[in-house]
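Trainee: mind folding the following:
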Amino acid sequence: MRANKRLPLPIGHGSVDFYQGIVPVLVPFLVAERGYGYLGVSGFVLAASLLSSVVQPLFGVLTDRWAMPWMVPAATLAAGGGVALIGTTDSYALTLAAIALTGFGVAAYHPEAARLARAVTAGDHVGMSWFSLGGNVGFALAP
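Mentor: Model prediction:
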């Protein structure tokens, strides 16, 4: 039973980090299909990276004060929804907004998911390692 409780942790972390890792992978396709310049698509990668790293401490402050387990699925949907929305528009501004949504979702996911992982694993180092491994595998699988 205990192992079943832990299984979603690395899978969820892998999914969210897959969404983060897929943005740079989409760059050549956006250049070829939509004719965006390299400066424009570098803005996409910058937006995804900046939002996922700069905004994350703000979510950390919130989750340190209040438990928000609903944020884990909401952030996963935001990250995946942003990637899905990239394909629905040819507008640079809307594509940038979709990528920003992905970065925002990635930032929102990590603090609360780590808190939840610590709670589920009771701070067990092996359980937390599996959680971390899931994120690394997800990011690596994106390309």
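Trainee: wait, Tyr92 sits on Val41?
Mentor: No. Tyr92 is not in contact with Val41 according to Cβ atoms under 8 Å; the separation is 9.5 Å. Just so you know, the C-beta spots here come from the backbone N, C-alpha and C atoms, and that holds for glycine as well.
Trainee: the two: who's more crowded?
Mentor: Neighbour tally, Tyr92 and Val41, criterion other Cβ atoms under 10 Å: the higher count belongs to Val41, 22 against 16.
Trainee: and the more buried one, its phi and psi?
Mentor: phi -70, psi -20 (degrees, to the nearest 10).
Trainee: so who does it touch?
Mentor: Neighbouring residues of Val41 by Cβ atoms under 8 Å, 6 or more residues apart in numbering: 27, 30-31.
Trainee: which among those count as buried?
Mentor: Among the contacts of Val41, those classed as buried by 16 or more other Cβ atoms under 10 Å are 27, 30.
Trainee: now, among the contacts of Val41, which is nearest to Ala142?
Mentor: Checking these against Ala142 by Cβ to Cβ gives Val27 as the nearest, at 12.0 Å.
Trainee: please give the element, helix or strand, for the closest one.
Mentor: Assigned by DSSP states H and E, Val27 belongs to helix 8-34.
Trainee: how near is the residue nearest in space to the middle of the chain to Glu112?
Mentor: Using Cα atoms, centre = their mean, the residue of the chain that lies closest to the mean C-alpha position is Val106, 2.8 Å off. Plainly put, Val106 is 12 Å away from Glu112 if you go by Cβ to Cβ, to the nearest Å.
Trainee: what do the two both touch?
Mentor: Ala75.
Trainee: C-alpha coordinates for the helix or strand harbouring Ala48, PDB please?
Mentor: Using DSSP H and E, Ala48 sits in helix 38-54. Written as PDB, here are the backbone C-alpha positions of helix 38-54 (Å, rounded to 0.1, in the frame of the first residue of the first chain):
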ATOM      1  CA  TYR A  38      15.800  33.200 -33.600                       C
ATOM      2  CA  LEU A  39      15.500  36.300 -31.500                       C
ATOM      3  CA  GLY A  40      11.800  35.700 -31.200                       C
ATOM      4  CA  VAL A  41      12.000  32.000 -30.200                       C
ATOM      5  CA  SER A  42      14.800  32.800 -27.800                       C
ATOM      6  CA  GLY A  43      12.100  34.900 -26.100                       C
ATOM      7  CA  PHE A  44      10.000  31.800 -25.700                       C
ATOM      8  CA  VAL A  45      12.700  29.900 -23.900                       C
ATOM      9  CA  LEU A  46      13.500  32.900 -21.800                       C
ATOM     10  CA  ALA A  47       9.900  33.300 -20.800                       C
ATOM     11  CA  ALA A  48       9.500  29.600 -19.900                       C
ATOM     12  CA  SER A  49      12.800  29.500 -17.900                       C
ATOM     13  CA  LEU A  50      12.400  32.900 -16.200                       C
ATOM     14  CA  LEU A  51       8.800  32.200 -15.100                       C
ATOM     15  CA  SER A  52       9.600  28.700 -13.900                       C
ATOM     16  CA  SER A  53      12.500  29.800 -11.800                       C
ATOM     17  CA  VAL A  54      11.800  33.400 -10.700                       C
END
